[in-house]
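Student: kindly return the folded structure for what I paste below:
(chains A and B)
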Amino acid sequence: MKELLLIAIGSALVNNVVLSQFLGLCPFLGVSKSVKTSAGMGAAVIFVITIASFATSMIYKYILASEFLHLEYLQTIVFILVIAALVQFVEMFLKKSMPSLYEALGVYLPLITTNCAVLGVALTNVQKSYNILESVVNGVGISVGFTIAIIMLAGVRERIENNDIPFTFKGSPIVLITSGLMAIAFFGFSGLIK
Amino acid sequence: MNKCTERLYNGIVKENPTFILMLGMCPTLAVTTSAINGVGMGLSTTVVLMFSNMLISALRKIIPDRVRIPAYIVVVATLVTIVQLLLQAYVPSIYAALGIYIPLIVVNCIILGRAESYASKSPVLESTFDGLGMGLGFTVALTVIGLIREILGSGAAFGISFIPEEFHISIFVLAPGAFFVLAILTALQNKFKAPSATNGSVPHSGLACGGDCMSCSGSSCMSNHDKIEADKSAASDKE
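Tutor: Model (predicted):
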């Protein structure tokens, strides 16, 4: 239990996926214009990464790394295809059976396929040789970390929207500087885990 | 200027993927802690980009239109795996430094972007040179950013240190430094009104969305999709 908690805190706060690993930067900077959309994106990411990290670690353990096959070198190809198929599948499933959830998350789902955080989580799980439970916990931690970061950035962006920013820094530069300052703030968490 | 050198010029200068189109930001920020890492990442991406453009262009009449994206992904992922194994065997130091970002070349939007917008409709030789040009443009950008961060952060260039330790600003080799360097870069582009996707002044990108991952919000994906559909129906009307 203690190990699982450490993994979750480590991946959500200490090694925050966007602010220290730089994964999933495109949606982080792109969708963070308002708190509402970024919460939607965050929810979609939590949903997809949790399912994907479960599916990929199952596939890795029972197919790729099984005793007779030894196909570990195929992991990149298999993972990206599994993730792409999974996102499609989730989208179809939501559309059919949970229209309200689909309304909320639908637009973000296609974006997530090319979100490197999803593939990144699958590969990190293998690299750190996590078992299936640990992989899922790591996935949840990482996606919660992403959600925290994107909602915080959106909050700041809503505040600075009407501020008097010099022309040169309007648009992306001020967003990047905000993210940099947030990254510094997140260093504060590094004392949590040794 | 013939077509091949034109593609090289286009990739390195006119439509530089990092400085002008603002594509593939994750590896740009993550691996540029030193110039040599930038070179390693850039060249690995160049190899993948060149061969994927070549293969996709050669296969463009065979791959059915409806499954083209999965087919492209398989081609790219295969090439990435090959590059990963080669790096692991021959340049283990770079392999260790780049780590997880090598397999993540698969999801680099430059590669699928070029496959979709150029290689899928152009002859093999030009597509190959297009990939080479884009890859070199990416390499140059990564090396420059890496060099700036290395000089400011650890007082060295390509591993040769020349600034005494008291003057290092170590934040620049850490994560926040990446954001600051890129912020200053885009701010300078705004200041001098240089072409950049972030200030909306790149009119002629092959991508329907015009590049710029930094302010994409899915809606551009949708309009991209609509545009491709419209192009397709226009093409079928002609036939």
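
Student: contacts, neighbours, all on C-alpha from now
Tutor: Fine.

Student: point out where chain A drops to low pLDDT.
Tutor: For chain A, the stretches with pLDDT under 70 are A:105-107, A:110-111, A:113-114, A:194.

Student: which non-adjacent residue is nearest the residue most central in space within it?
Tutor: In chain A, the centroid-proximal residue (C-alpha atoms, centre = their mean) is residue A:143; its distance is 4.1 Å. Computed as C-alpha to C-alpha, 6 or more residues apart in numbering or on different chains, the closest residue to residue A:143 that is not its neighbour in sequence is residue A:46, at 4.8 Å.

Student: now do the one you found against residue A:118, distance only.
Tutor: 10 Å (C-alpha to C-alpha, to the nearest Å).

Student: can you check residue B:168 too?
Tutor: Applying C-alpha to C-alpha to residue B:168 and residue A:118 gives a distance of 35 Å.

Student: likewise residue A:51?
Tutor: On the measure of C-alpha to C-alpha, residue A:51 and residue A:118 end up 10 Å apart.

Student: and these two? Which one has more around it.
Tutor: Each of residue A:51 and residue A:118 has its neighbours counted (other C-alpha atoms under 10 Å in any protein chain shown); residue A:118 has more, 27 against 19.

Student: so what's the closest residue to residue A:64 other than its chain neighbours up against?
Tutor: In space, and not counting its chain neighbours, residue A:64 is closest to residue A:71: 4.7 Å by C-alpha to C-alpha, 6+ apart. Listed by C-alpha atoms under 8 Å, 6 or more residues apart in numbering or on different chains, the contact set of residue A:71 reads A:63, A:64, A:65.

Student: is chain A within reach of stretch B:112-130?
Tutor: No: in terms of C-alpha under 8 Å from any C-alpha of the partner chain, no part of stretch B:112-130 sits within range of chain A; the closest distance is 9.8 Å.

Student: what comes up buried for that stretch?
Tutor: B:112-116, B:118-120, B:122-130 (16 or more other C-alpha atoms under 10 Å in any protein chain shown).

Student: tell me which of those residues fall in helices.
Tutor: Those of the buried residues of stretch B:112-130 mapping onto helices are B:112, B:113, B:114, B:115, B:116, B:124, B:125, B:126, B:127, B:128, B:129, B:130, per DSSP state H.

Student: okay, the fourth one: pLDDT?
Tutor: For residue B:115, the model assigns a pLDDT of 85.

Student: I figured residue B:94 was touching residue B:37, is that so?
Tutor: Yes: here residue B:94 reaches residue B:37: they are 6.8 Å apart, a contact under C-alpha atoms under 8 Å.

Student: and these two? Which one has more around it.
Tutor: The neighbour comparison of residue B:94 against residue B:37 (other C-alpha under 10 Å) goes to residue B:37, with 23 against 18.

Student: please name the nearest non-neighbouring residue to the more buried one.
Tutor: Among residues not flanking residue B:37 along the chain, residue B:31 sits closest, at 6.2 Å (C-alpha to C-alpha, 6+ apart).
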